[in-house]
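> this one's sequence-less:
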């Protein structure tokens, strides 16, 4: 297998600097949008007196966060509403929620995103537990109060609907797709499809099998998913242990060609002021998200596999994302894989389905299904040494036949947002623009060209661009409808 040579040291440094500047520019604070109908100061009397200084408190804390460079980049800040952050799933309801209850549920979810992100920011600011508790209480109260008061005005609610769409990782006016880049994309896609064709290739290095360490009581899965009360956005109310049980049950085994320590899954860490991965801590992280298909909400389990670099990367870190989308009965519907840079977004059917653009000859923006037949769960991912390319998705039994497995720990994704540093502090793996500083996938940069603002960057989950042509993200709420067709008998229904 051919390998992409790393950049010379001078070019690598220049690439890292350019990427850092581009990411900072992308996330730079802008002038806050103004509400069409600001609250009348005379309103803040009696029971409402405590909300008078709420916006000033948000301004104070946000200024501290931005000055320290610890702004969390995982959710999108909604301009004009400092107490709201969103993802693409929540934003997709902007023109659908009506009535007080639906709007309240919609904005409550976005306030929860803001509160979650602020917890990471407080920690990375180095605040004491007492100060965190005080700010947590104040902004929790302020967020609820401001949402109830400001969004009672129809004009402000209409303004929110306009402002809530998350930003794009693509440039506003991309250059025209050249014949040379179209050819490069087609060549790369053909190479990807070729490595999945024919018999499973012989291993280029000793194979090692990794499987999730069992921790959770998997009987929790059978207790209540179909009958769980859903919120206004269709998200079922399951406890954290139930979601973790789902994550553990569907966690993929890793069947890796292991030529060196960097071919082993590990834990992101800081070392000498940069990010790398410690293979002595075998770990995979997971995050529960939601998407929509045929108008119905579906749960997704996102898994993050970390390696200490790869052939063709600047920086000692690499990340592969694996996703399992569950149908309404909590059975796997479709699997997806993508490098955290957005390169090689691949689809694998778990149930009978078809690619909507199956008739297209131009693969530049087509959904790639490198394996034609549905794959029965549980699965193992055959991963190449060095490049960490996904070579095949196989039934777990195929991999276990080769020998016993080594356990890896399954942890929540939020762990990487407060990584310990050598000076006793913490920092996020991602910068304010949602990318990992100092790491670049040079292979991705060549495929995306100047379509994206941060070529080659490894992105946080909610900001992964996946279309070489056009504008599409890994977490687009309508991506299943855009890419897939199910037989009528298999169309998912709501829980």
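Sure thing, it's come through. Computed from a predicted model, the values in this text were never measured in an experiment.
> which helix runs longest in the chain?
helix 99-125 (DSSP state H).
> same for it, what does it pack against?
Helix 99-125 sits against helix 54-68, strand 81-86, helix 88-91, helix 129-150, strand 426-427, with contacts defined as 3 or more CB pairs under 8 Å, 6 or more residues apart in numbering; DSSP states H and E. For every residue, glycine as well, the C-beta is placed using N, CA and C.
> how far does it sit from the chain's center?
Using CA atoms, centre = their mean, to the nearest Å, the mean C-alpha position of helix 99-125 is found 17 Å from that of the whole chain.
> next, count neighbours for residue 134.
Applying other CB atoms under 10 Å, we find 12 residues neighbouring residue 134.
> what about it, distance to residue 122?
The gap separating residue 134 from residue 122 is 10 Å, by CB to CB, to the nearest Å.
> quick one: residue 237 and residue 228 touch, right?
Yes. Using CB atoms under 8 Å, residue 237 is in contact with residue 228, at 5.3 Å.
> so which of the two has more stuff around it?
residue 228 (15 against 10).
> find the nearest non-adjacent residue to that one, please.
residue 236 (3.7 Å; CB to CB, 6 or more residues apart in numbering).
> swap in residue 106?
Nearest one to residue 106, counting by CB to CB, 6+ apart, is residue 97 at 4.5 Å.
> can you get me a residue count around the one you found?
18.
> residues in contact with it?
Neighbouring residues of residue 97 by CB atoms under 8 Å, 6 or more residues apart in numbering: 103, 105, 106, 232.
> which of these has the most neighbours?
Most surrounded of the contacts of residue 97: other CB under 10 Å gives residue 106, at 26 neighbours.
> make sure it is actually in contact with residue 93.
Yes. With contact defined as CB under 8 Å, residue 106 and residue 93 form a contacting pair (5.7 Å).
> between those two, what contacts are shared?
residue 233.
> Three-state assignment for residue 316, please.
coil (DSSP: H, G, I helix; E, B strand; the rest coil).
> picking that back up, could you pull up phi and psi at the residue nearest to residue 106?
When quoted as degrees, to the nearest 10, the phi and psi of residue 97 stand at phi -70, psi 130.
> from residue 90, how far out is it?
To residue 90, residue 97 is 10 Å away according to CB to CB.
> give me the common contacts of these two.
residue 106.
> next one, pLDDT for the closest residue to residue 117 other than its chain neighbours please.
Excluding the flanking residues, the one nearest residue 117 by CB to CB, 6+ apart is residue 72, at 4.1 Å. With respect to pLDDT, residue 72 has a value of 97.
> ok, residue 486 next?
71.
> hmm, it is touching residue 352, no?
Yes. Contact criterion CB under 8 Å: residue 486 and residue 352 qualify, at 7.4 Å.
> those two: which is more packed in?
Looking at residue 486 and residue 352 with other CB under 10 Å, you find the greater number of neighbours at residue 486, namely 19 against 11.
> distance of that one from residue 217?
Distance, residue 486 to residue 217, by CB to CB: 32 Å.
> how about residue 377?
From residue 377 to residue 217 the distance is 20 Å (CB to CB).
> count of neighbours near residue 154?
10.
> let the chain start at 105 from now.
Shifting the count to begin at 105 puts that one at residue 258.
> now do the contacts for it.
By CB under 8 Å, 6+ apart, residue 258 has no neighbours at all.
> show me what residue 459 bridges to in the sheet.
residue 588 (DSSP bridges).
> tally of neighbours for residue 413?
19.
> list the contacts for the closest residue to residue 206 other than its chain neighbours?
Distances taken as CB to CB, 6+ apart place residue 336 nearest to residue 206, at 4.9 Å, with adjacent residues excluded. Residue 336 is in contact with 201, 205, 206, 208, 209, 210, 213, counting by CB under 8 Å, 6+ apart.
> taking those residues, tell me the two that lie furthest apart.
Maximum pairwise distance in the contacts of residue 336, criterion CB to CB, is 13.0 Å, between 205 and 213.
> more neighbours: these two, which one.
Neighbour totals were compared for residue 205 and residue 213, and residue 213 leads with 20 against 10 (other CB under 10 Å).
> confidence score at the closest residue to that one other than its chain neighbours?
Spatial nearest neighbour of residue 213, chain neighbours left out: residue 194 (5.4 Å); criterion: CB to CB, 6+ apart. In this model, residue 194 is scored at 98, pLDDT.
> again, but for the one 10 residues further on
As predicted, residue 204 sits at a pLDDT of 93.
> nearest residue to residue 278 in space, please, no chain neighbours.
Residue 278 sits nearest to residue 555 (CB to CB, 6+ apart), 4.7 Å away.
> ok, now which ones touch residue 230?
529, 530.
> pLDDT score for it?
97.
> list the helices and strands the helix or strand encompassing residue 374 packs on?
Per DSSP states H and E: residue 374 is located in strand 371-375. Applying 3+ CB pairs under 8 Å, 6+ apart, one finds that strand 371-375 contacts strand 378-382, strand 523-524.
> again, only using 10 Å
strand 378-382, strand 387-397, strand 400-411, strand 510-516, strand 523-524 (3 or more CB pairs under 10 Å, 6 or more residues apart in numbering; DSSP states H and E).
> and the second one, which strands flank it?
Here strand 387-397 is paired, per DSSP bridges, with strand 400-411 (antiparallel), strand 510-516 (parallel).
> got the ones you listed as a markdown table, with mean pLDDT and mean neighbour count columns?
Formatted as a markdown table, these follow (pLDDT from 0 to 100; neighbours: other CB atoms under 10 Å):
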| stretch | mean pLDDT | mean neighbour count |
| --- | --- | --- |
| strand 400-411 | 96 | 22 |
| strand 510-516 | 98 | 16 |
